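**Student:** requesting a structural model of the entry that follows:
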Amino acid sequence: MRKHLRLISAISLAFCLNSQNLLADNRADCDGDNVELAVIACTKLIEIEKADNKNLVNDYSSRARAYKVMRKFADALDDANKAIKLENSSPLALITRGYIYVAVGDRKSAFDDFSKVIEIDPKNKRAFNGMGEIYNDGGDYATAIDWYTKAIEIDPEYVSPYYHRGHTYGSQSQYDLAIKDYDKAILLDPKLYEAYINRGDSYAHKKNYDQAIADTKAAIAINSNIPLSYSNLASYYDQKGDSKNAVLAYSNAIAYDPTDAMLYYVRAIHHTSNKQFDLALADYNQALVLNPELIQALQNRGALHMQLGRFKLALEDFDHEIRQDPQFRIAYFARGQVHRIKGDFELALADFDRAVAIEPNDYFGYYKRGEMKMIMGRYDEAEADLTKAMTLNPDENTKNVLIADHFAGLALKAKKKQP
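**Tutor:** Model (predicted):
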């Protein structure tokens, strides 16, 4: 009998230990960073701990945070409300709901929740940080910085306010201060890839493209699934003038987000510069499939068709541009140039007339029209247009070109009058 009792006791003890281990594992997963796993684990804990209000507040709050990250805001708010119903003065539940309100743009409700937390716990760093986010989102950057600074004063090792204050400084073009805050955030959390992305952006604004590239690569090494990192990296190579690496980076960005028309558009520009015209046309085509209203892509594709002597295709693109935007004067200049090359001078002149009518105070329209009239032998009208162009443009180098064309026109006029 005693043997049986000892066996039963051992089995019971093992069962209890396994149950405790299971609870501990679920607790760790519920509070962890893997949001899908957190939802599953928190749901199990909610079923297990139905009678334990204190633990349920934590379970609902943790699941609410996971739902927020997953952008399931209705579910997140529902869980936060359940936690607050169980304990209406719980700082954890109120802060959780406050950050959900921040995410959905309900700044007033977020303010109310964070204010209540500060009344309960005047040293709650997360509530002060949340206040900073409210004012930052509302565009009151000075007040946001004050709240973030207070959070840092409460806990100088708290990462979030350094990161968010850095972002606020960046929004005000205070890039040195932004970089200083991102430095601290990265020191405290070397895996915070968002800080590397934002610090890289600040360096890029200071035209320190090598450091911007290094930071963006560091962000990718930590988390390779953020499309923004690849498009930023491409942009920094682009601004640095490194076309080869820019193309590679744009290709990587496209691999992660093949629906972004602008990535194809910018890569096409590089292909054109590298004289890879077929690749450029393919990218312009794809950009326009994704966004048929991307007028820059139409303009550049039309210009490339014109460069390659494909005048019919060029005219189709420029006609399409003008249908999209009848006030887009660049398209009239481009179409006029195609007509001029083809010898359709009256059509060309009509396009240059339209360009001048759209913007009568820009020298370039008069210059192009004057040039066209000179070719057509309408020298007096050409002289008037070139004189107007010189009057409108104060740049000395441009004036020299206009003056040369002006006197060339006068010489042709004089030659024509000779017997």
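
**Student:** leaving out sequence neighbours, find the closest residue to residue 361.
**Tutor:** Spatial nearest neighbour of residue 361, excluding adjacent residues (C-beta to C-beta, 6 or more residues apart in numbering): residue 392 at 6.4 Å. Just so you know, the C-beta spots here come from the backbone N, C-alpha and C atoms, and that holds for glycine as well.

**Student:** so who does that neighbour touch?
**Tutor:** Contacts for residue 392 were tallied using C-beta atoms under 8 Å, 6 or more residues apart in numbering; they are 361, 362, 363, 366.

**Student:** and the helices in the stretch 151-300 of the chain?
**Tutor:** Ranges of helices in the stretch 151-300 of the chain, per DSSP state H, counting those that start in this stretch, are 159-171, 175-188, 193-205, 209-222, 227-240, 243-256, 261-273, 277-290, 295-307.

**Student:** quick one on the thing from earlier: local confidence estimate at the residue nearest to residue 361?
**Tutor:** Residue 392 is assigned 85 on the pLDDT scale.

**Student:** which positions in stretch 197-215 come out as buried?
**Tutor:** Using 16 or more other C-beta atoms under 10 Å as the test for burial, stretch 197-215 gives 197-204, 208-209, 211-215.

**Student:** and of the residues you listed, the nearest to residue 272?
**Tutor:** residue 209 (21.9 Å; C-beta to C-beta).

**Student:** show me the contacts for the nearest residue to the closest one once chain neighbours are set aside.
**Tutor:** Leaving aside its chain neighbours, residue 209 sits nearest to residue 240 (4.1 Å; criterion: C-beta to C-beta, 6+ apart). By C-beta under 8 Å, 6+ apart, the contact list for residue 240 reads 209, 210, 213.

**Student:** quick one: residue 240 from residue 110, how far?
**Tutor:** Look at residue 240 and residue 110: by C-beta to C-beta, to the nearest Å, they are 40 Å apart.

**Student:** next one: stretch 192-208 to chain centre, how far?
**Tutor:** 13 Å (C-alpha atoms, centre = their mean, to the nearest Å).

**Student:** ok, residues contacting that stretch?
**Tutor:** Against stretch 192-208 from outside (C-beta under 8 Å, 6+ apart): 159, 163, 166-167, 170, 173, 175-176, 178-179, 182-183, 185-186, 189, 209, 211-216, 218-220, 222-223, 226, 228-229, 232, 235-236, 239.

**Student:** one more pass at 7 Å, please.
**Tutor:** 159, 163, 166-167, 170, 175, 178-179, 182, 185-186, 211-212, 215-216, 218-219, 222-223, 226, 228-229, 232, 236, 239 (C-beta atoms under 7 Å, 6 or more residues apart in numbering).

**Student:** next: stretch 123-130.
**Tutor:** 91, 95, 98-99, 102, 110, 114, 117-118, 147-148, 150-151, 154-155, 158, 160-161, 164.

**Student:** what residues sit buried inside that stretch?
**Tutor:** Across stretch 123-130, burial judged by 16+ other C-beta under 10 Å covers 124, 125, 126, 127, 128, 129, 130.

**Student:** picking up where we left off before, which of the contacts of residue 240 sits closest to residue 296?
**Tutor:** Scanning these for proximity to residue 296, where the rule is C-beta to C-beta, the winner is residue 209, at 23.4 Å.

**Student:** so that closest one makes contact with residue 236?
**Tutor:** Yes - contact criterion C-beta atoms under 7 Å: residue 209 and residue 236 qualify, at 5.0 Å.

**Student:** check contacts around the spatially closest residue to residue 170 that is not a sequence neighbour.
**Tutor:** With C-beta to C-beta, 6+ apart as the criterion, residue 170 has its nearest non-adjacent residue at 4.1 Å, and that residue is residue 178. If a contact means C-beta under 7 Å, 6+ apart, then residue 178 has 166, 169, 170, 202 as its contacts.

**Student:** chain center to the helix or strand hosting residue 111: distance?
**Tutor:** Element membership for residue 111 (DSSP states H and E) is helix 107-120. When C-alpha coordinates are averaged (C-alpha atoms, centre = their mean), helix 107-120 and its chain have centres 30 Å apart.

**Student:** next, the angle from the following helix or strand past that helix to helix 107-120.
**Tutor:** Next helix or strand after helix 107-120 toward the C-terminus (DSSP H and E): helix 125-137. Orientation check (axes from the mean of the first three to the mean of the last three C-alpha atoms, to 10 degrees): helix 125-137 against helix 107-120 gives 150 degrees.

**Student:** so how far is helix 125-137 off the chain centroid?
**Tutor:** For helix 125-137 - counting by C-alpha atoms, centre = their mean - the centre lies 23 Å from the chain centre.

**Student:** one more: stretch 314-332?
**Tutor:** Distance, centroid of stretch 314-332 to centroid of chain: 28 Å (C-alpha atoms, centre = their mean).

**Student:** swap in stretch 282-301?
**Tutor:** Using C-alpha atoms, centre = their mean, the distance between the centre of stretch 282-301 and that of its chain works out at 19 Å.

**Student:** pull up the distance across it, start to finish.
**Tutor:** For stretch 282-301, the first-to-last residue distance is 10 Å (C-alpha to C-alpha, to the nearest Å).

**Student:** show residues contacting that stretch.
**Tutor:** 259, 261, 264-265, 267-269, 271, 281, 317, 320-321, 324-325, 328, 330-331, 334.

**Student:** ok, residue 299 to residue 105 distance?
**Tutor:** Taken as C-beta to C-beta, the span from residue 299 to residue 105 is 36 Å.

**Student:** more crowded one of these two?
**Tutor:** Using other C-beta atoms under 10 Å, the more surrounded residue of residue 299 and residue 105 is residue 299, with 19 against 10.

**Student:** where in the protein is pLDDT low?
**Tutor:** 1-25, 51-53, 394-419 (pLDDT under 70).

**Student:** middle-most residue in it, spatially?
**Tutor:** residue 228 (6.7 Å; C-alpha atoms, centre = their mean).

**Student:** ok, now how distant is that one from residue 190?
**Tutor:** Separation of residue 228 from residue 190 (C-beta to C-beta): 20 Å.

**Student:** over to residue 37?
**Tutor:** 24 Å.
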